[in-house]
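Novice: For reference, the sequence and a predicted model appear below.
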Amino acid sequence: MIIDLTRLRSGIDESVDINEIYSFDKEYISNTDLLELNAVKIEGKITKDSLDDLVIDLQLKGTMVLPCSITLEPVNQEFDIEISGNLQEIVEEIEENDKKIENSIDILPIIWENILMEIPIKVVSEGARNKKIEGDGWRLITDEKRENINPEFQKLSKLFEEK
């Protein structure tokens, strides 16, 4: 998603408006936990500040499809991301574009990096929350307190209670 900055740099325009809907192809999502990432709404603008540095303000909204951590069924996870800051600094952080920003910039790496940071570690579908997850001689241990505590470890916990 290459943005032309010529009119902004020359002072003809005060800002470059961005209003796009973008769908990421399989090449982008192949090495992630994402199953789908379609129709991401990208709104914002690029402006110049008082020091003639470029400043970007973006709002990303969309729905990512992730596998359920228990059943592996597709789960829709909505996201709303704000990106704001000095464009040169953001590009240097990502290190995707080592070249100096002149007349155009590809903002897709910035958008992609911020979406990747929003992927949750664990997603559970509504159907899996109510499911009985146990079988003959096994059960799924969740965050709930365990009933059987090793007596040796129980002695260690008393050390913390005495203080």
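Specialist: Nice, I can see it.
Novice: what about the longest helix in this protein?
Specialist: Longest helix in the chain, counting residues (DSSP state H): helix 151-162.
Novice: and it, which residues are buried?
Specialist: Residues of helix 151-162 classed as buried by neighbour count (16 or more other CB atoms under 10 Å): none. For the C-beta atoms, the positions are set from N, CA and C on the backbone; glycine is no exception.
Novice: In CSV, list the C-alpha atoms belonging to that helix.
Specialist: Extracted C-alpha coordinates of helix 151-162, given in CSV (Å, rounded to 0.1, in the frame of the first residue of the first chain):
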residue,chain,number,x,y,z
PRO,A,151,2.8,-32.7,50.3
GLU,A,152,6.4,-31.7,49.8
PHE,A,153,5.3,-28.6,47.9
GLN,A,154,2.7,-27.9,50.6
LYS,A,155,5.4,-27.7,53.2
LEU,A,156,7.2,-25.1,51.1
SER,A,157,4.1,-22.9,50.9
LYS,A,158,4.1,-22.7,54.7
LEU,A,159,7.5,-20.8,54.5
PHE,A,160,5.8,-17.9,52.7
GLU,A,161,2.9,-17.8,55.2
GLU,A,162,5.2,-17.3,58.2
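Novice: how near is the residue positioned nearest the centre of the chain to Ile42?
Specialist: What sits nearest the mean C-alpha location of the chain, by CA atoms, centre = their mean, is Glu118, with 2.2 Å. Separation of Glu118 from Ile42 (CB to CB, to the nearest Å) stands at 14 Å.
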